[in-house]
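J.: Predicted model follows, preceded by the sequence.
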There are 2 protein chains.
Amino acid sequence: MQVKAGEKVKGQRDAEATREAILAAGSELFARYGFGGTTVDLIARRAGANKAMISYYFGGKEGLYERILISTFDEAVAGLDSLLENARPADEMLRAFVGMFRELTARRPHFPAMMVREAMSGGRHLTERVLPHFLEMFVKVRRIYEQGIEEGTFRPVDPVLTHLVVLGSLLFFFASEPMRSRLIADGRLPVAEAPSTEAFIRNLQDLIVRGLAAAPAPGPDVA
Amino acid sequence: MQVKAGEKVKGQRDAEATREAILAAGSELFARYGFGGTTVDLIARRAGANKAMISYYFGGKEGLYERILISTFDEAVAGLDSLLENARPADEMLRAFVGMFRELTARRPHFPAMMVREAMSGGRHLTERVLPHFLEMFVKVRRIYEQGIEEGTFRPVDPVLTHLVVLGSLLFFFASEPMRSRLIADGRLPVAEAPSTEAFIRNLQDLIVRGLAAAPAPGPDVA
DNA sequence: TTGTATTAGACAAACGTTTAGTTAGAACAC
DNA sequence: GTGTTCTAACTAAACGTTTGTCTAATACAA
């Protein structure tokens, strides 16, 4: 992708490209197999680099993992910030949040699995440097639900519990993509191709907004 | 828990108890840290057994993992079967499914994390012996949505996409328990104690049934 | 004694990291 | 330009550790 040139004196072939290749390979493998389920050897091979380069550039396997975690979560926080800038009715905000999440995963396909893994392990690798970014994300979304209840758009539900439903749906859908594509490739599922991401997103948006509605039922469109 | 006694000749102290202890320790650690993130040494220590016992009883680490997977999924299938025996309106069935899932996790606390891990890895350990049980589960739940649409209780939604929302919510809620309890223990969350499971289940049931309703809005009770 | 249960230790393979050395571009002197 | 020096980029090999499994010996109930 984008290589910051000129900034540093280039030693040999393409320093930044190697870094990026390692980051990409690491993201993919860590997301899929977890920290313990991946070897630096495999990461290096997929990146087309020598495995010593991982220590050289990132200070080791742990350093690489943490770097990937931070940059991934940071991007999520940035997406949320731009979303919350201009206030709108809560139901629109909620739809926008789901849409934003979808765009985020288009740029960072491994964000959901990384987040789920951290959630399951109790944040084994969520160091003091990452945790604040992580928590920030949670607090910000919560405001959407509280606003919806205040303005009367939503029923008086528990914001935290409701957010867990939305977030869980999104995370699981994207994180479980490997399973779906494997089952479909093996012909073990009755469908010919994977469900479209767009259809899932629309389905979730409608389901949640309808489920939260204080009034009988709104409805921009029915799927 | 329950020890099947008398079935086999007991050699020394308590053969079955050792097996059970290993199974329990393995379930907990595999669920939390994954297959690669756990060592047989740790499992053995937590089970109070010698690590050679894992090979002795289960044919090694992989054998133990697979055994845990199978028995866990089998219990889920059994729970579903008993649920689908007596037909009721689809919205009731859906509430019952969510409730059944909750009871299942009470008996098998590590089922959600195990399932999520398999989904993320593309079923790395889902061998030919486990897969059928896994798929059976999916097909059975799908019927609930199809029935609801047929009988007019639900809007005409995509059954697979909708099920992904429900399942994802449930799996993530239970699988992410380690993260929540850690954050609360560290005082990093504004709440004093973890949200109650019952509250989450009720919240999800109401949200989904309302979100799927064809008619304006039913509602046994509002949380 | 017989057979199951259990253990400590040995073992090779796999792993992450370090090291020593090589390559090649850039900077400088002339 | 030419030659020299310097340094970042990179590699292959080695290292020490960890890991899962296997072995030989032991404990004990039947």
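T.: Alright, I've got the coordinates.
J.: Going by C-alpha atoms from here, please, whenever you check contacts or count neighbours.
T.: Noted.
J.: Who are the contact partners of residue A:101?
T.: residue A:170 (C-alpha atoms under 8 Å, 6 or more residues apart in numbering or on different chains).
J.: Report the secondary structure state of it.
T.: The assignment at residue A:101 comes out as helix when based on DSSP: H, G, I helix; E, B strand; the rest coil.
J.: likewise residue A:49?
T.: Per three-state DSSP, residue A:49 ends up coil.
J.: Quickly find the element holding the residue nearest to residue A:171 when sequence neighbours are not counted.
T.: Counting by C-alpha to C-alpha, 6 or more residues apart in numbering or on different chains, residue A:112 is the residue found nearest to residue A:171 once chain neighbours are left out, at 5.0 Å. Assigned by DSSP states H and E, residue A:112 belongs to helix A:111-121.
J.: How much space separates residue A:162 from DNA strand C?
T.: With distances taken as C-alpha to the nearest atom of the strand, to the nearest Å, residue A:162 is found 38 Å from DNA strand C.
J.: ok so, going back, now the angle from the helix holding residue A:112 to helix B:111-121?
T.: 150 degrees (axes from the mean of the first three to the mean of the last three C-alpha atoms, to 10 degrees).
J.: and the next element down the chain from helix A:111-121?
T.: Criterion used, DSSP H and E; the element after helix A:111-121 is helix A:131-150.
J.: Flag every buried residue along the helix holding residue A:112.
T.: The neighbour-count check on helix A:111-121 (16 or more other C-alpha atoms under 10 Å in any protein chain shown) flags A:111, A:112, A:113, A:114, A:115, A:116, A:117, A:118, A:119, A:120, A:121 as buried.
J.: Could you count how many residues lie near residue A:151?
T.: Per other C-alpha atoms under 10 Å in any protein chain shown, the neighbour tally for residue A:151 reads 11.
J.: no no, residue A:129
T.: 10.
J.: Please see if the helix or strand encompassing residue A:72 touches DNA strand D.
T.: Counting by DSSP H and E, the element that carries residue A:72 is helix A:61-84. No. Legend: contact between helix A:61-84 and DNA strand D by C-alpha under 7 Å from any atom of the strand is lacking; minimum distance shown is 13.0 Å.
J.: Next up, the contacts around residue A:109.
T.: Residues near residue A:109 by C-alpha under 8 Å, 6+ apart: residue A:174.
J.: just wondering, since we're on it, how far is it from residue A:138?
T.: 20 Å (C-alpha to C-alpha, to the nearest Å).
J.: Check residue A:195 too.
T.: 28 Å.
J.: what do you get for residue A:33?
T.: Taking C-alpha to C-alpha, one finds residue A:33 at 25 Å from residue A:138.
J.: what about residue A:212, neighbour count?
T.: Neighbour tally, residue A:212, other C-alpha under 10 Å: 25.
J.: doesn't residue A:152 make contact with it?
T.: No. Here residue A:212 lies out of contact with residue A:152, judged by C-alpha atoms under 8 Å, at a distance of 10.5 Å.
J.: what's the overlap in contacts for those two?
T.: With C-alpha under 8 Å, 6+ apart, residue A:212 and residue A:152 have no common neighbours.
J.: okay, the helix-or-strand element of chain A with minimal mean pLDDT in CSV with CA atoms only?
T.: Sorting the helices and strands of chain A by mean pLDDT, DSSP states H and E puts helix A:131-150 at the bottom, at a mean of 86. C-alpha atoms of helix A:131-150 as CSV (Å, rounded to 0.1, in the frame of the first residue of the first chain):
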residue,chain,number,x,y,z
LEU,A,131,-7.1,-0.8,27.1
PRO,A,132,-8.0,2.9,27.2
HIS,A,133,-8.7,2.9,23.4
PHE,A,134,-10.8,-0.2,23.9
LEU,A,135,-12.9,1.2,26.7
GLU,A,136,-13.3,4.5,24.9
MET,A,137,-15.1,2.7,22.1
PHE,A,138,-17.6,1.2,24.5
VAL,A,139,-18.5,4.4,26.3
LYS,A,140,-19.1,6.2,23.0
VAL,A,141,-21.6,3.8,21.6
ARG,A,142,-23.5,3.7,24.8
ARG,A,143,-24.5,7.3,24.3
ILE,A,144,-26.5,6.4,21.3
TYR,A,145,-28.9,4.2,23.3
GLU,A,146,-29.2,6.7,26.1
GLN,A,147,-30.0,9.4,23.7
GLY,A,148,-32.7,7.3,22.0
ILE,A,149,-34.4,6.6,25.3
GLU,A,150,-34.2,10.2,26.4
